[in-house]
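Colleague: With the sequence up front, the predicted model follows.
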Amino acid sequence: MDYNCILVRYGEIALKGRNRGVFDSALASNIRHALTQRGVSFKSVARMQGRFIVESSDTRALEAISKVFGIVSYSPAIMVGGFDELKEAALKVLKAKECSSFRVTAQRLDKNVKIKSTEMNENLGAFLVGETGLKVSLKSPGVNVGVDYTKNNHFVYTESFGGLGGLPVGVSGKVVCLLSGGIDSPVAGLLLMKRGCSVVFIHFLHDESKVPRKIVELHKILSDYQPRSKLILVPSASLEMEIVKNVPSKYRILVLRRMFMRAAERIMVREKAKAIATGDNVAQVASQTLDNLSVVSESTRAMIIRPLACFDKSEIIELAKKFGTYEQSIEPYVDCCNFLLPEHPETRAKLSDVLKVEENFDERIIDAMMEKVCVIADKKE
Ligand code: ATP
Ligand code: MG
């Protein structure tokens, strides 16, 4: 179908009590950004009676829209002025399809328009039967000819695709997210974007001599879902050395995580973010028992959000595949944590014990790490 626009539908139920204007302008701006980021040509993104109309016939516009949170569904459509043009467009669309039956499903977007949707269904349906000889089947049509209309515009379409749902990125404020090279943390970041948060990613880097290609590639995928995505690389070799020197092996990962949190808290404040997110998952590995997670939480006063706390690994993998991060996540990578993994980790750490082993720890190391952070902005800006 040669469409000249895309009808974008968004969830109104989710908007109850929310600031509708803020939601609308964030969504419009995110759609525009997704298009320009990919070099997609478009004339306009305009709001029309509970829809956004994206005027573009570039096939890549659909791909761009499929990655914008806050959209319930979208349809490539032909936009025309009056009813006569609508008849021609609908006929062309129907003739292009191989089918033996069809139906018209019209929706009046503006209740001030006189012609009701039932009349529109009947009038257009009768015209199409007359021209094509096809049967009308209301229950199982070969093609559903959708028509949305206002006083001055008619849109005809035959396909609707499901959007990502959720809220537009930006309406809920900012969080920082600890991004490892694994499967979980990219998904955690994406779920926060889905709730309208813009996410600044932080990665602690074992080998600061080279830019970690895998992490940069993962961030490129994540930056498809939010405007102006930022990745902050924090070299952590000196921290790891300090831990190896001063901390018994069974506590090393825990102390490392606690120091991650302290560093992340500083970045959170700098970025004016409101929380720290991780890809932690209750009981998945030794460092993620409730005891250990709680000891990690005690290292900061910042709010910690763990969006994946209660997901099964198979559910997380499914989401990673849906969002397109999975393939990159399973690439091999030497994380700083691999390096510190003890044979017998503590699974039921007590805060008092951990505080004791941290006594010799020199926190100025964290100040020094902060001096060396490297910021990677979205490649497409
Ligand atoms: P993931 O698949 O996200 O790596 P995981 O199940 O492998 O998670 P861990 O390796 O124990 O779990 O890490 C738990 C969380 O700690 C990660 O989800 C991430 O948020 C954070 N994290 C771990 N390593 C790093 C790192 N090098 N840089 C930033 N965050 C990290
Ligand atoms: Mg990991």
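Modeller: Arrived safely, thanks for sending. Numbering: from 1, shown residues only. Ligands and ions are numbered 1, 2, ... in the order given.
Colleague: From ligand 1, how far off is residue 83?
Modeller: 55 Å (CB to the nearest ligand atom, to the nearest Å). (C-beta placed from N, C-alpha, C; glycine too.)
Colleague: I figured that residue was touching residue 152, is that so?
Modeller: No - contact between residue 83 and residue 152 fails when scored by CB atoms under 8 Å: they sit 11.4 Å apart.
Colleague: is any part of the helix or strand hosting residue 256 close to ligand 2?
Modeller: Using DSSP states H and E, residue 256 maps to helix 252-270. No - contact of helix 252-270 with ligand 2 is not found when judged by CB under 5 Å from the ion; the minimum separation is 10.6 Å.
Colleague: Can you give me the neighbour number for the residue nearest to residue 86 when sequence neighbours are not counted?
Modeller: In space, and not counting its chain neighbours, residue 86 is closest to residue 154: 4.1 Å by CB to CB, 6 or more residues apart in numbering. Counted with other CB atoms under 10 Å, the neighbours of residue 154 add up to 25.
Colleague: Next up, the contacts around residue 151.
Modeller: Residues in contact with residue 151 (CB atoms under 8 Å, 6 or more residues apart in numbering) are 110, 112-113.
Colleague: do residue 261 as well
Modeller: Residue 261 touches 276, 296-297, 299-300, 302, 304, counting by CB under 8 Å, 6+ apart.
Colleague: Tell me which two in the residues you listed are the farthest apart.
Modeller: 296 and 302 (11.7 Å; CB to CB).
Colleague: For those two, work out which one has more neighbours and name it.
Modeller: Between residue 296 and residue 302, counted using other CB under 10 Å, the more crowded position is residue 296 (24 against 20).
Colleague: which residues of the stretch 51-200 of the chain fall in helices?
Modeller: 60-65, 83-95, 117-132, 184-194 (DSSP state H, counting those that start in this stretch).
Colleague: if you compare the ones you listed, which one is most tucked away?
Modeller: helix 184-194 (a mean of 25; mean count of other CB atoms under 10 Å).
Colleague: Touching it from outside, list them.
Modeller: 69, 164-167, 169, 175, 177-179, 199, 201, 218, 221-222, 225-226, 277-281, 284, 305-308, 316, 319-320, 323, 325, 329.
Colleague: so which of the residues you listed also contact ligand 1?
Modeller: 178-179, 278-281, 284 (CB under 6 Å from any ligand atom).
Colleague: Widest-spaced pair of these?
Modeller: 179 and 284 (16.8 Å).
Colleague: The two: which has the busier surroundings?
Modeller: Neighbours around residue 179 and residue 284, counted as other CB under 10 Å, are more numerous at residue 179. The numbers are 27 against 17.
Colleague: these two touch, right, the more buried one and residue 202?
Modeller: Yes - judged on CB under 8 Å, residue 179 makes contact with residue 202 at a distance of 6.5 Å.
Colleague: Residue 164: what's its closest spatial neighbour, skipping adjacent residues?
Modeller: Closest to residue 164 by CB to CB, 6+ apart is residue 69, at 5.1 Å.
Colleague: Surely residue 368 is in a strand?
Modeller: No - secondary structure of residue 368 (DSSP: H, G, I helix; E, B strand; the rest coil): helix, not part of a strand.
Colleague: The residue in the stretch 251-381 of the chain that ligand 1 sits nearest to: neighbouring residues, count only.
Modeller: Closest residue of the stretch 251-381 of the chain to ligand 1, CB to the nearest ligand atom: residue 279 (2.5 Å). Residue 279: 25 surrounding residues under other CB under 10 Å.
Colleague: what's the answer for residue 348, then?
Modeller: Neighbours around residue 348, by other CB under 10 Å: 10.
Colleague: out of everything not next to it in sequence, what's closest to it?
Modeller: In space, residue 348 is closest to residue 291, 4.5 Å off (CB to CB, 6+ apart).
Colleague: quick one: the one you found from residue 345, how far?
Modeller: 12 Å (CB to CB, to the nearest Å).
Colleague: So which bits of this structure are right by ligand 2?
Modeller: Residues of the chain lying near ligand 2 (CB under 5 Å from the ion): 180, 182.
Colleague: What is the least confident helix or strand in the chain?
Modeller: Here the helix or strand of the chain ranked lowest by mean pLDDT, DSSP states H and E is helix 336-340, holding a mean of 69.
Colleague: Next SSE downstream of it?
Modeller: helix 351-357.
Colleague: Report all helices and strands that that following helix contacts.
Modeller: helix 252-270, helix 290-297 (3 or more CB pairs under 8 Å, 6 or more residues apart in numbering; DSSP states H and E).
Colleague: can you tell me which residues contact the nearest residue to residue 255 once chain neighbours are set aside?
Modeller: In space, and not counting its chain neighbours, residue 255 is closest to residue 247: 4.9 Å by CB to CB, 6+ apart. Residue 247 is in contact with 255, 357-358, 361, counting by CB under 8 Å, 6+ apart.
Colleague: Quickly note the distance from residue 247 to residue 352.
Modeller: With CB to CB as the criterion, residue 247 and residue 352 are 15 Å apart.
Colleague: Brilliant, that's me finished.
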